Every structure is written in structure tokens, then in C-alpha cells.
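Chemist: Generate coordinates for the sequence data below:
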Amino acid sequence: MGIIFALIIFEVIILIHEFGHFIVAKKCGVRVNEFAIGMGPAILKKQKGETLYALRLFPIGGYCAMEGEDTESDDNRAFCKKSVPKRMAIVVAGIVMNLILGFVLLIIYTSLTAPITSTTVSKFESDTATYHTTGLEEGDQILKVNGMRIFTAMDISYQFQNDEDGVFDMTVKRNGEKVELSNVTFDTENESLHIDFFVEPIEATPLTVISQSFKQSLTYSRLIYISLADLVTGKYSIRDLSGPVGIVDVIGDVIDSETDEETGIDWRALSEQMLSLGAFITINIGLFNLLPLPALDGGRLIFLIIEGIRRKPVPPEKEGMVHFVGLAALMVLMVVVTVSDIVKIF
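Modeler: You can find the predicted model right below:
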């Protein structure tokens, strides 16, 4: 079942991403030769006007093939004939659609899991060291932890879980004013921090749901780039990355956690988990595509920026070679990550 859920999530994300490229290309007057979901031989295909719509055998990707996208073309409606701003809009459209999808999924998720978890301290456990020794008080809205801006309760948890010395500098909002708290410490139980305060619930209204969903989108977005930075600095290794196989394994674990031997699957709880995971994945894919790397949308965007500055395009054969090398490198990375995922499973 984990494979089925993973395929649904990935195909919806790919469909939305490629549809973003497709619809903006059409609006900009670019000829789209094919819009395909999946790779390999076509299972279903239909020619409608100038565009071939296809569902292909292997559910591992998709594409929006535009005239003159990677080569020269004499067609006035070719991608390469359009202005730099129009081509930029087409390139980033897939990323924007991924982010919009993530936001919509989070709106649904937040609505289903109400009340909303805030970042405001509501109460403490009795006789806690934090309350007596650090100045943290009930009603404090946590704004920063160790210098990191706090958008959601997940940000607070992330900072607590990834801190090395168990000592925190916090900025809180108290009675409308910012208050700096230094050397906030918590008791330790079984080598883990014992967080001794609770946060207030927020009633779910259209305004609070939209606000929380936007903040959660920011949390997910920042977490993606923090993780990439940790990978570059060596805090995490390539073995800590997860690809499609790892995600299927995670989904399987989620399904197991929401399954009872007597009552079966708790479909509501599972739906909530899938919405949250789907939002994280689509935002992840969108922002990863924004990286200025060859073969990614961000890499194509860099070439368009260079063209805008130089007032002339980079020769297509040179740009194509750069993207080819980048794609090959990404494929190698995918193989490495997939092998690592399989090893971790067994």
C-alpha cells in the first residue's frame, strides 16, 4: 500500500509541476509539442490540436516538451523566440505550482487537525526549573530560539532537538514588547531534554487556518535549505538522504503507525499524515528545482539571467551540454541514494 500512496503523491506533484510549465507556455504563445506524465512507451495518447497528450508506462517523471526549448527553431512560436521575461515565467511556473499545491494541502491538513498549535506558552508543569530560573513566563510568544526566527511550533521542536549544549537564547514577545532571555535551560531525562511547558491552542477560523498554513510553508521551506546546508558542511552525509525508495518506506511506516490489529486503518489519521507528507514533498521538490544547478529549473533560470545581462543567449549547444552533464550527475546521485535507501531497509 505504501507504493500506491507514493505513486499517487509523486504523480500528482509531477502533474501539477508540468501543468505549471504547460499553462504558462500556452499563455505566452509557445508551441507545446507534447505534455506527458510518466516516461517510456505511451500507454494512452491523444493528439489535440498541436499538442500530444500522453500517459507513459513508467510513473517516474513527466515533461512538457516545447518547440525550440533545447535547440534552435524557425517557428515564431518556439520557446527560444520568446522574450527573456516570458521564458523566465515559463521556467519558474512549475516551481510556483509546487508551492501552491503545498500551501493548499497544508490548508486542508490544518483544517482537519484543528485546533492549531501556537508558539505562545500557556502553562508549565509544576515545580519546573525553566519557570523559576530563566524568566520564561506564561503568555510569552516565542519569536526566536538561538537566533532562528520561529514561525511554528515545529521550529521550536527543531531547535530543541538539534541543539548540542542544551542552553538556549530566546526572544519572546511579552505584553507587546520584545524580551531577550539568555541561557534558558531544561532538565534532562534519559539524555533527552525535558521540555516543561505547553503552548496555547488557537481556534481554527478561515483567517487562522490560512495564516498557519502560510507559516508552515515557510517552516518546510527553510528546513529544506537548512538540511542542504547541513549536508554541505558535513553534519549529514549522502547516506542520510532519502529518495523514492526511502519515501515509500516512510509511507509504509506511517501506514503501520495508523493501523490497529482489531480496528484496521484509521483513515482519517492516515489522511492527515499523507497531507502533511505530501505538502512537505511538493514544497521540497519545488525549492530543490529552484537551486541554480544544471538540468534543474533553477539552472535554466541562471542561463536566462545571463542572457538578459549579456543581451544575447548562450549558444544552445553549450547550454545543452551543461544541462546534460548536470542531468547525468543527478542520475548518478539518484542511484547512490536509491542503493542507500535499500541498504537501510534491509
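Chemist: What ranges does the stretch 101-250 of the chain have for its strands?
Modeler: 116-124, 141-145, 148-149, 167-174, 177-185, 187-189, 192-194, 197-202 (DSSP state E, counting those that start in this stretch).
Chemist: For Val184, grab the count of nearby residues.
Modeler: 18 (other CB atoms under 10 Å). Bear in mind the C-beta positions are built from the backbone N, C-alpha and C, glycine included.
Chemist: That one: what's it in contact with?
Modeler: Under the criterion of CB atoms under 8 Å, 6 or more residues apart in numbering, the neighbours of Val184 are 130, 134, 136, 167-170.
Chemist: any idea of the mean pLDDT in stretch 94-112?
Modeler: Computed over stretch 94-112, the mean pLDDT rounds to 95.
Chemist: let me redo that: stretch 175-187
Modeler: On average, stretch 175-187 scores 87.
Chemist: Mind pulling up the pLDDT for Asn190?
Modeler: pLDDT at Asn190 comes out at 68.
Chemist: hang on, I meant Thr152
Modeler: Note on Thr152: pLDDT of 94.
Chemist: just Tyr236 next, same as before
Modeler: At Tyr236, pLDDT is 72.
Chemist: Kindly report the same for Phe214.
Modeler: The per-residue pLDDT reported for Phe214 equals 96.
Chemist: Give me the ChimeraX select line for the contacts of Val184, limited to the buried ones.
Modeler: A single ChimeraX command selects the buried members of those (16 or more other CB atoms under 10 Å):
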select :130,134,136,168,170
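Chemist: Relative to Ser227, which of the contacts of Val184 is nearest.
Modeler: Checking these against Ser227 with CB to CB, the nearest one is Phe168 at 20.9 Å.
Chemist: any idea how far Asp196 is from the residue nearest to that closest one when sequence neighbours are not counted?
Modeler: In space, and not counting its chain neighbours, Phe168 is closest to Val184: 4.4 Å by CB to CB, 6 or more residues apart in numbering. From Val184 across to Asp196, the span is 11 Å (CB to CB, to the nearest Å).
Chemist: Ala279 now?
Modeler: Distance, Ala279 to Asp196, by CB to CB: 30 Å.
Chemist: Compare neighbour counts for the two and give me the winner.
Modeler: Between Ala279 and Asp196, counted using other CB under 10 Å, Ala279 has the larger neighbour count: 24 against 17.
Chemist: Quick check: that one touching Ile107?
Modeler: No: with contact defined as CB atoms under 8 Å, Ala279 does not reach Ile107; the gap is 9.3 Å.
Chemist: shaky segments in the chain?
Modeler: Low-confidence segments of the chain, defined by pLDDT under 70: 1-2, 127-133, 190, 240, 245.
Chemist: Per the annotation, how does it divide into domains?
Modeler: Following automatic domain parsing, one finds the domains of the chain at 2-111+274-345, 116-202.
Chemist: Okay, now the shortest one: how far is its last residue from its first?
Modeler: Domain 116-202 stretches 5 Å from its first residue to its last (CA to CA, to the nearest Å).
Chemist: number of nearby residues for the nearest residue to Asn284 once chain neighbours are set aside?
Modeler: Distances taken as CB to CB, 6+ apart put Ile224 closest to Asn284, at 5.3 Å, once the chain neighbours are dropped. Using other CB under 10 Å, Ile224 is surrounded by 18 other residues.
Chemist: SS state for Thr71?
Modeler: Put simply, Thr71 is coil when judged by DSSP: H, G, I helix; E, B strand; the rest coil.
Chemist: From Ala328, how far off is it?
Modeler: 19 Å.
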